[in-house]
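S.K.: Need coordinates for the following:
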Amino acid sequence: MLIRSEPPRRIIFTGFYNGQTVFLVQRDIKLLHQQVKAGEFLAIARGITIVENELPGYATLLQNLHEGHHARVIGITGPPGAGKSTLVSALLHYWLKENKKIAVIAVDPSSPFNYGALLGDRIRMSEYYTNPNIFIRSLATRGALGGLSAKIIEITDLVKEAPFDYILVETVGVGQSEVEIAGLADCTIVALVPEAGDEVQTLKAGIMEIANIFIVNKADRADAEGLYRNLRILAHEKATEDGETPVIKTVATANTGIEELANAITSFLSHQNELPEKRLHLMTEKCWQLIISQRMSNIDHNRLKEELTAAMQQDNFNLYAFTKDFLQRSDREQK
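M.R.: Numbers count the residues shown, from 1 in each chain. Next up, the predicted model:
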């Protein structure tokens, strides 16, 4: 059972950021980091909020994280209606029987009004809310592309600091643009349903390329066998010296095929430990995304919109010239 204790102390800011406030923030962040490492759910939740909203101390918290954590990140992606949340729930049910500790990070669409997660209640996982071995957190995309949250890398690394066995990241379900999950997860699962059978050829150039495991969910429906065969052919065509990508039929609502899926995940992760180049690839992609995020931190979206509105009124408007000038001015101002 994960250790629980009183929530970390909260700091009340007085409207200015002086040396004393910096000291208080650093002390509070150090305590918070210790509680996250102990697996305290309240501390993990607060840490995620600090990182997601870039509250005071978030950079210090991230820089104190260690890379030696053992939790493995499993990404579950696929088009809307593929049953990703039900698959996650079925995996939780299976792994709980093995006494595993799991964190679920579910990325949901954002409300256009408050940027919160529209499906934040995660109704299909409600039976696990009070389970001491399962931590569930919904994140809003807040306009980020790729089916993920803009802070998903930092948040996942923070959660990896806690003593979890697995971290399940469920993407929002937007189709081919979800390939970013491949740069975050140790194992990427692509879930499809029989109705997607005719779309396999279309998907091949995008989301299909990132799968470490294919899932044909709702396999009790008509046309499931046809999709299964198509995926097997696709996996065979793209086989490497390490073998073919597994294709597994599941009915998540009935827990059918979940044991086979869990075994395939374990097998893939075990084999991955022998592939240092895969770890280097993941680290490179994560570092690349962090660099992009930090380089974009000085870009004010509202200011961009205002200046673009004015520039478009000019007869000689050119988008590329405007973009170059805007970036140069932003860089000068940051210096």
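
S.K.: pLDDT weak spots in the stretch 151-300 of the chain?
M.R.: Where the stretch 151-300 of the chain drops to pLDDT under 70, the residues are 172-182, 196-209, 273-276, 278-279.

S.K.: again, only this time at 80
M.R.: 172-184, 195-210, 238-242, 272-283, 285-286, 289-290, 292-294, 297-298 (pLDDT under 80).

S.K.: What ranges does it have for its strands?
M.R.: In the stretch 151-300 of the chain, the strands defined using DSSP state E, counting those that start in this stretch lie at 166-170, 187-192, 213-216, 247-249.

S.K.: Please identify which of those is closest to L55.
M.R.: strand 166-170 (22.2 Å; C-beta to C-beta). From N, CA and C alone the C-beta is placed, and that goes for glycine too.

S.K.: Grab the nearest non-local neighbour of I29.
M.R.: Take I29 and drop its neighbours on the chain: the residue closest to it by C-beta to C-beta, 6 or more residues apart in numbering is G57, 4.2 Å away.

S.K.: Tell me how far the one you found lies from Q334.
M.R.: Distance, G57 to Q334, using C-beta to C-beta, to the nearest Å: 22 Å.

S.K.: and stretch 35-50, which residues are buried?
M.R.: 35-37, 39-41, 43-44, 46-48, 50 (16 or more other C-beta atoms under 10 Å).

S.K.: Look up how far L32 lies from the residue nearest to E127 when sequence neighbours are not counted.
M.R.: Nearest residue to E127, sequence neighbours excluded (C-beta to C-beta, 6+ apart): S89, at 7.9 Å. Here S89 is placed at a distance of 30 Å from L32 (C-beta to C-beta).

S.K.: dump the residue contacts of Q34.
M.R.: For Q34, the contact set (C-beta atoms under 8 Å, 6 or more residues apart in numbering) is empty.

S.K.: what's the average pLDDT for the strand or helix carrying it?
M.R.: Using DSSP states H and E, Q34 sits in helix 19-37. The average pLDDT for helix 19-37 rounds to 76.

S.K.: want to throw the strands of the stretch 151-300 of the chain into CSV with mean neighbour count and distance to I299?
M.R.: Below are the strands of the stretch 151-300 of the chain laid out as CSV (neighbours: other C-beta atoms under 10 Å; distance: least, C-beta to C-beta, whole Å):
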stretch, mean neighbour count, distance to I299
strand 166-170, 25, 26
strand 187-192, 26, 30
strand 213-216, 26, 37
strand 247-249, 21, 42
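
S.K.: how about the helices of this structure, start to end?
M.R.: 19-37, 41-52, 58-63, 84-97, 152-160, 200-203, 224-237, 258-272, 276-295, 301-311, 319-334 (DSSP state H).

S.K.: With distance to T245 as extra columns, can I get these in TSV?
M.R.: TSV is the format used below for the helices of the chain (distance: least, C-beta to C-beta, whole Å):
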stretch	distance to T245
helix 19-37	35
helix 41-52	32
helix 58-63	33
helix 84-97	17
helix 152-160	23
helix 200-203	13
helix 224-237	4
helix 258-272	9
helix 276-295	14
helix 301-311	39
helix 319-334	39
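
S.K.: V216 is nearest to which of the ones you listed?
M.R.: helix 224-237 (5.0 Å).

S.K.: Now that closest one: buried residues?
M.R.: The neighbour-count check on helix 224-237 (16+ other C-beta under 10 Å) flags 224, 227-228, 230-232, 234-235 as buried.

S.K.: Name the nearest of the buried residues of stretch 35-50 relative to L139.
M.R.: The closest of those, once distances to L139 are taken by C-beta to C-beta, is I48, at 7.9 Å.

S.K.: how about the nearest residue to the closest one, chain neighbours excluded?
M.R.: Nearest non-adjacent residue to I48, counting by C-beta to C-beta, 6+ apart: I155, 5.3 Å away.
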